[in-house]
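>>> Pasting a predicted model and its sequence here:
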Amino acid sequence: MIRALRSIGKPVCLDAADKLAASTGTLAEFDLHLRRAGLNVADARVLANGMMHADAGNALFLSSFSASYNLDLGDGGATALAEAFPETMMELGLVGCSIGDAGAHAILEWARTAPNLRMICVEGNKISAGVKSQFQNLASGGRNILVVV
């Protein structure tokens, strides 16, 4: 994950890589917040690859992820990330990322398999009313999830 962040090379990613490198071996979980980082679809694919190939030996797991206010993520970036999110993740923020229904469906597919999910914020995107209602349904059925859509 650190290598992926550094290869993107944007200041927010480099700062996150430094923080993660400093915490490796001292924390059981980590948060990755890349708000307003100037991320695009290609960057999302690099991050997704980093998530999927993270070194399990470091005993860290991704607890919270936010890439809010990265306008160039769109459906392609959201889909790439959603396919890599671990089921153990508890919080997700993708506010204002130009995500439409295609990316939203990928996020929903992941969210339905994430038993520890407690918060998901995807407002400010191009998601239709019908898909927004599917997000709101995540909080039904006994799951205690804060959904902001």
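That came in fine, so what should we check first?
>>> tell me the contacts of the residue most central in space within the chain?
Taking CA atoms, centre = their mean, the centroid of the chain lies closest to residue 65, which sits 4.4 Å from it. Residues in contact with residue 65, defined by CB atoms under 8 Å, 6 or more residues apart in numbering, are 31, 32, 33, 81, 85, 89, 91, 92, 93. Every C-beta, even on glycine, is put in place using the N, C-alpha and C of the backbone.
>>> Please list the members of those residues that lie in strands.
Residues from the contacts of residue 65 lying in strands, with DSSP state E as the criterion: 31, 32, 33, 91, 92, 93.
>>> Isn't the third one up against residue 70?
No. Contact status for residue 33 versus residue 70: not in contact, 11.4 Å apart, counting by CB atoms under 8 Å.
>>> which one of those two has more residues nearby?
The neighbour comparison of residue 33 against residue 70 (other CB atoms under 10 Å) goes to residue 70, with 25 against 16.
>>> Residue 63: what's it in contact with?
Taking CB under 8 Å, 6+ apart, we find residue 63 in contact with 29, 30, 31, 88, 89, 90, 91.
>>> Residue 120 and residue 145: what is the separation?
Distance of residue 120 to residue 145, computed by CB to CB, to the nearest Å: 7 Å.
>>> Kindly provide the distance from the residue nearest to residue 76 when sequence neighbours are not counted to residue 112.
Computed as CB to CB, 6 or more residues apart in numbering, the closest residue to residue 76 that is not its neighbour in sequence is residue 41, at 4.0 Å. Using CB to CB, residue 41 is found at 24 Å from residue 112.
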